[in-house]
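S.K.: this one's sequence-less:
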């Protein structure tokens, strides 16, 4: 069965370090998204991509970057981790604009 | 930009009873999609139900149904015969089908969620 996989499931890092969260989907979807989930804020969009070599900023993109070199993967990089980036991160993909998003199981990131 | 509002941070219901979760949204578009997602303690995001704005008929999935009021921009979720497994955070979400020149809007915009407790 097709799926979307995030790794790691949990990560602890120190302030100032570069961190990369992986997202891999086997749905062959062009559309991929990164969200962060924080209490009281719901899910907020960080970055998204509509295909290879396409990336776009979401509403909370500062301090994050993504790259899309193939259809399956959209890694999320925190250039210099900050305590404010402690959160649960979700990757998602969809087939089209009419389709719901398929979510990964999330990565809990703690920045100390 | 579209916004989604869930005015009930927490709700509770007795097992086997019915509960309704509220959601309102703001948009200038006439065509769009609305979703309810469930997030149990496992953290997994599970699609519960979807509604297409151009369809007047309210969507139904087993014990889950929606009351879609397009003019009022309201999209409430009704859970009938509540079960212990329904306990979760519920998110309402809006999605535009349009890809505007100023930036694509295929993305989902979420409300802040409603935490549902089911009492035995």
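M.R.: In hand now; what should we look at? Given the structure is predicted, the values throughout are model-derived calculations rather than measurements.
S.K.: Got the phi and psi for the residue nearest the centre of chain A?
M.R.: The centre of chain A sits closest to residue A:34, judged by Cα atoms, centre = their mean, with a distance of 3.1 Å. Here is the backbone geometry of residue A:34 (degrees, to the nearest 10): phi -120, psi 130.
S.K.: OK, contacts around the closest residue to it other than its chain neighbours?
M.R.: Among residues not flanking residue A:34 along the chain, residue A:46 sits closest, at 4.4 Å (Cβ to Cβ, 6 or more residues apart in numbering or on different chains). Backbone N, C-alpha and C define where each C-beta goes, glycine included. Contact analysis of residue A:46 by Cβ atoms under 8 Å, 6 or more residues apart in numbering or on different chains lists A:34-36, A:58, A:60-61, A:64, A:66, A:76, A:89.
S.K.: tell me which of those is nearest to chain B?
M.R.: residue A:58 (6.9 Å; Cβ to the nearest Cβ).
S.K.: which residues touch that closest one?
M.R.: For residue A:58, the contacting residues are A:33-34, A:44-48, B:107, by Cβ under 8 Å, 6+ apart.
S.K.: do residue A:95 as well
M.R.: With Cβ under 8 Å, 6+ apart, residue A:95 has these contacts: A:27, A:29-31.
S.K.: Closest to chain B out of those residues?
M.R.: Nearest to chain B among the contacts of residue A:95: residue A:31, at 5.8 Å, using Cβ to the nearest Cβ.
S.K.: From residue A:78, how far out is that closest one?
M.R.: 22 Å (Cβ to Cβ, to the nearest Å).
S.K.: what does residue B:96 give?
M.R.: Taking Cβ to Cβ as the measure, residue B:96 falls 28 Å from residue A:78.
S.K.: Check residue B:62 too.
M.R.: Counting by Cβ to Cβ, the gap from residue B:62 to residue A:78 is 40 Å.
S.K.: Which one of the two is surrounded by more residues?
M.R.: More neighbours surround residue A:78 than the other of residue B:62 and residue A:78, with 20 against 9 (other Cβ atoms under 10 Å in any protein chain shown).
S.K.: For that one, grab phi and psi.
M.R.: phi -100, psi 110.
S.K.: And for residue A:81?
M.R.: Main-chain dihedrals, residue A:81, degrees, to the nearest 10: phi -60, psi 140.
S.K.: From residue B:34, how far off is the residue lying closest to residue B:29 once chain neighbours are set aside?
M.R.: The shortest distance from residue B:29 to any non-neighbouring residue, by Cβ to Cβ, 6+ apart, is to residue B:96 (5.8 Å). If you measure residue B:96 against residue B:34 using Cβ to Cβ, the figure is 11 Å.
S.K.: Which one's more surrounded, these two?
M.R.: More crowded of residue B:96 and residue B:34, by other Cβ under 10 Å: residue B:34, with 23 against 20.
S.K.: That's all I had, so thanks and see you.
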